[in-house]
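Visitor: Quick one, fold the following:
(one chain, ligands or ions: 1)
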Amino acid sequence: MKREDVRNIAIIAHVDHGKTTLVDELLKQSGVFRANQEVAERVMDSNAIERERGITILSKNTAVFYKDTKINIIDTPGHADFGGEVERVLKMVNGVILVVDAFEGPMPQTRFVLSKALELDLPVIVCVNKIDRPEARPDEVVDEVLELLMDLDASDEQLDCPFVYASAKSGFATLDLNKESHDMVPLFETILNYIPAPEGDETAGTQVLISTIDYNEYVGRIGVGKVDNGTIKVNQDCVLVNHHEPDKQRRVKISKLYEFDGLNKVAVNEATVGSIVAISGISDLHIGDTLCSPEHVEAIPFQKISEPTISMHFVVNDSPMAGQEGKFVTSRHLRDRLFRELNTDVSLRVEETETTEAFKVSGRGELHLSVLIENMRREGYEFAVSKAEVIYHTDERGKKLEPMELVYIDVPDEFSGNVIQKLALRKGELQGMSVNNSGNTRLQFSIPARGLIGYRGEFMTDTKGNGIMNSIFDGYAPYKGDIQFRKQGSLIAFESGEAVAYGLFNAQDRGTLFIEPGTKVYAGMVIGQSGKPEDIELNVCKTKHLTNTRSSGSDEALKLTPPKIMSLEQCLEFIDSDELLEVTPKSLRIRKKILD
Ligand code: GDP
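Guide: Next comes the predicted model:
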C-alpha cells in the first residue's frame, strides 16, 4: 500500500539558514494554527546550547498539513553525529529538504548529514532561503549546492533535484526567481510531487521500528518510529524484539499511541503503514527495537548504536567555593542527573567508580561530552571534570587500535596555515583543501581522536572565533604513535586551488614534499611556527621515477640528484615537470605566493 496521504521528510540546514522560520511558516500556512494564534514555542530547536554552538542535537518531529496530505517533518541533528542518530532519522523518511542561505551558500556542517541522505538514495529538495536578502546570490548558491552534491557522489536523479527559492521570513516560495509568489504553495507542491509516499504492506503483521527516544518526566520514555508494515492499535499485544538480540523478546501491550500534529503529539487509536508514531507506557523501550505482532515476530535490521570513544570523570566539586552558586552540588544530584541523561542519549555511558564522588562518563568524542557538561552547568550543577581520555581497542592480533575522527574545517584564508600546522602536529593528515571565492578555506583531515582533545579552544583562539570545525567519528585504526609537538612547519603545493601535496619540516629544516610527475603546481606556501606564511628558499631535487609516489619512506625515494637551491617562484616553475620532485624548505622565513 502506498500512503498517498502522507509524506515523511527530514530537514537539513546549517544553523541560522532559516530552518525554524521555514517550518514555522509551513505550520502557519498549513492551517495548523488558528488565524490569530501565535506560534507559542519554537520547538524545533529548544536547546539553547544548540543555538549557541550552531548545532542541533535533538531531533524533533513536526507535522504540517497541505490539502489532504500530512507532511511529517523530522529535524536532523545538523552537526556531528553522536551515535548514529542521523541515519536513524533518515531511515524514517523518503526524502530531505536541504535549506541553504541564499547569501552564505552551503556550509560544511550540513555536508555530513547530506552525504548520509545521498547514501540512502533519498531524493533532495534544495530550498534556497532568504532570497529577500539584498546581498542574496541565489544563482551562485545553486551552483555551489550542485558542486557539493557532485562532490558527495550524488546520483543523476539526486543531481536533478528541484530548487525552490524562498523567503521563509516573508512567507513565500517560488520555483522561478522571476515569478512572484505570496505563499509557500510551490514548496508544498514540490514536496507532494517529488517526495515519494511511504509504502508498506498493511495486511502483514505489525512492524514498527523505534528510531528515536524522547523522554518526558510524566510519561517516561517515548519511542518514535515509523509503521513499516501492518497497523498498530491501542490495547494490541505486541512482541518487542531487537535485531541485535533476537532472543531477548518481551510481550508488551500498547497503551498509549500518538501521531504528530503541528508541534504536538495527539493520541490516536490506531496507525497504519507509513505513519510516524510515538508510543509511551512501555518501560525499557530502546532504539532499534521493533514492535511486532505476536504471530509474526521479525525484527527490522538496524545499525548498532555506536560505542563511546572517549571518557571523562565527573567529580563532585569539593572546593571551598562549591555550592555558592550552583543549586546541585551533591554526589546524589550528580548521579541522578547523569543517569537521567541515559534516557535520551543512547550513545552515552555512565559508570559508578570506586568512590561515590566520581562517575565515569563515556561518549562519542570530546564535543559530545562537552555539550553535556555545558547543559548541566547551565542547569545549576557544580562539578569538576577530568581530562578526556580516548578508549583504545585491540584487534585480533593484539595490536592497539585508536578512534579516528574526520575533521572538516572552514576558516578565513589567513588562518588556514596555522590550522594545518597545528593539526599536523597532532597527527592530523590533510585529505583535502579548497579555497572558495568568499575568502574561506575548507580543510579536511583524518586525525586520531586524542589529537583533537583540547584543540577546540585553541582553534577558536587561533581563528579569532571565525573558524568552524566539525568532526565525525571515522572508526578505529592502528595506533598512530605518540604525538610529539616538535615539528616546526608545513609545506603545501596547490593545483587549481586544491592542495596536491603536503609535508612537514622540523626545526632542523628537514622535511619532504613529494609532488607527482605531471602535476602543474601554480602556487605553494610554507608556513612556519608563527602560523604566518612567508618567503622561503627551497631545496629542490629530482628523484628517480617512482611508481608509488607517496612512499616517502622507501629507499628509492632517497636516490636523489644533488639539491639545487631555488626561490619559491623558481621552484614552483620547476615543479611543473614530468619527474617526481622532492622539495624541502631551506629556511624558515616564509611567505605565501600565488603565481598566475
Ligand atoms: P535556524 O537556525 O536554521 O532554525 O534559523 P532561524 O529560522 O532561526 O533563522 C535564523 C535567522 O534568519 C533569524 O533571525 C530569522 O529571522 C532569519 N531568517 C529566516 N528566514 C529568513 C528569510 O527568508 N529572509 C531573511 N532575511 N531572514 C530570514
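Visitor: For stretch 266-280, buried residues please.
Guide: 268, 270-280 (16 or more other C-beta atoms under 10 Å). Where you see a C-beta, it was placed from the backbone N, CA and C, and this is true even at glycine.
Visitor: ok, and for the helix or strand where Thr190 lies, which residues are buried?
Guide: In the assignment (DSSP states H and E), Thr190 maps to helix 185-194. Across helix 185-194, burial judged by 16+ other C-beta under 10 Å covers 186-192, 194.
Visitor: so what secondary structure elements neighbour whichever helix or strand Val86 is part of?
Guide: In this assignment (DSSP H and E), Val86 forms part of helix 85-90. Applying 3 or more C-beta pairs under 8 Å, 6 or more residues apart in numbering; DSSP states H and E, we find helix 85-90 packed against helix 109-119, strand 207-216.
Visitor: What is the subsequent helix or strand relative to the first one?
Guide: The helix or strand immediately downstream of helix 109-119 is strand 124-129, counting by DSSP H and E.
Visitor: Which pLDDT value belongs to the residue of the stretch 401-550 of the chain found nearest the ligand?
Guide: Residue of the stretch 401-550 of the chain nearest the ligand, by C-beta to the nearest ligand atom: Ile468 (14.3 Å). Note on Ile468: pLDDT of 81.
Visitor: related to what we said a few turns ago, let me know whether the helix or strand just after the helix holding Val86 sits next to the ligand.
Guide: Counting by DSSP H and E, the next helix or strand C-terminal to helix 85-90 is strand 95-101. No: figure legend: strand 95-101 not in contact with the ligand (C-beta under 6 Å from any ligand atom); closest approach 6.6 Å.
Visitor: CA atoms only for strand 95-101, dumped as PDB, please.
Guide: Output of strand 95-101 as PDB, limited to C-alpha atoms (Å, rounded to 0.1, in the frame of the first residue of the first chain):
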ATOM      1  CA  GLY A  95      13.300  12.500   1.100                       C
ATOM      2  CA  VAL A  96      15.000  15.500   2.500                       C
ATOM      3  CA  ILE A  97      14.800  19.300   2.300                       C
ATOM      4  CA  LEU A  98      18.200  21.000   2.300                       C
ATOM      5  CA  VAL A  99      17.800  24.600   3.400                       C
ATOM      6  CA  VAL A 100      20.600  26.800   2.200                       C
ATOM      7  CA  ASP A 101      21.000  30.600   2.900                       C
END
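Visitor: At which residues are the helices of the stretch 151-300 of the chain located?
Guide: 156-159, 185-194 (DSSP state H, counting those that start in this stretch).
Visitor: Report the angle between the last one and strand 95-101.
Guide: The directions of helix 185-194 and strand 95-101 differ by 150 degrees, with axes from the mean of the first three to the mean of the last three C-alpha atoms, to 10 degrees as the criterion.
Visitor: does helix 185-194 come close to the ligand?
Guide: No: on the criterion C-beta under 6 Å from any ligand atom, helix 185-194 is out of touch with the ligand, staying 12.0 Å away.
Visitor: Let me see the mean pLDDT of that helix.
Guide: 96.
Visitor: chain center to it: distance?
Guide: Centroid separation between helix 185-194 and its chain, computed with C-alpha atoms, centre = their mean, to the nearest Å, is 27 Å.
Visitor: And the shortest one, by the same measure?
Guide: The offset between the C-alpha centroid of helix 156-159 and the centroid of the whole chain comes to 22 Å, using C-alpha atoms, centre = their mean.
Visitor: Stretch 237-252 too?
Guide: Centre to centre, stretch against its chain (C-alpha atoms, centre = their mean), the figure for stretch 237-252 is 31 Å.
Visitor: Give me the contact list for that stretch.
Guide: 206, 232, 253-254, 282, 285-286, 288-294, 297-302, 304 (C-beta atoms under 8 Å, 6 or more residues apart in numbering).
Visitor: try it again with 7 Å
Guide: 206, 253-254, 282, 286, 288-294, 297, 299-302, 304 (C-beta atoms under 7 Å, 6 or more residues apart in numbering).
Visitor: Tell me which of the helices and strands packed on helix 85-90 sits nearest to the ligand.
Guide: Closest approach to the ligand among the helices and strands packed on helix 85-90 (C-beta to the nearest ligand atom): helix 109-119, 10.3 Å.
Visitor: just checking, what packs against the closest one?
Guide: strand 6-13, helix 85-90, strand 95-101, strand 468-478 (3 or more C-beta pairs under 7 Å, 6 or more residues apart in numbering; DSSP states H and E).
Visitor: Now do that helix, average pLDDT.
Guide: Across helix 109-119, the per-residue pLDDT values average to 84.
Visitor: one step back: would you reformat the buried residues of stretch 266-280 as CSV and include pLDDT?
Guide: Listed next are the buried residues of stretch 266-280 as CSV, based on pLDDT from 0 to 100:
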residue, pLDDT
Val268, 94
Glu270, 96
Ala271, 97
Thr272, 96
Val273, 96
Gly274, 96
Ser275, 97
Ile276, 96
Val277, 96
Ala278, 94
Ile279, 94
Ser280, 90
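Visitor: can you tell me which of the residues you listed are in strands?
Guide: 270-272, 276-280 (DSSP state E).
Visitor: Lys304 belongs to a strand?
Guide: No: applying DSSP: H, G, I helix; E, B strand; the rest coil, one finds Lys304 to be coil, outside a strand.
Visitor: for the buried residues of stretch 266-280, which one is nearest the ligand?
Guide: Of those, the one sitting nearest to the ligand (C-beta to the nearest ligand atom) turns out to be Ile276, at 20.8 Å.
Visitor: Need the nearest residue in space to that closest one, chain neighbours excluded.
Guide: In space, and not counting its chain neighbours, Ile276 is closest to Asn72: 4.7 Å by C-beta to C-beta, 6 or more residues apart in numbering.
Visitor: Okay then, goodbye and thanks.
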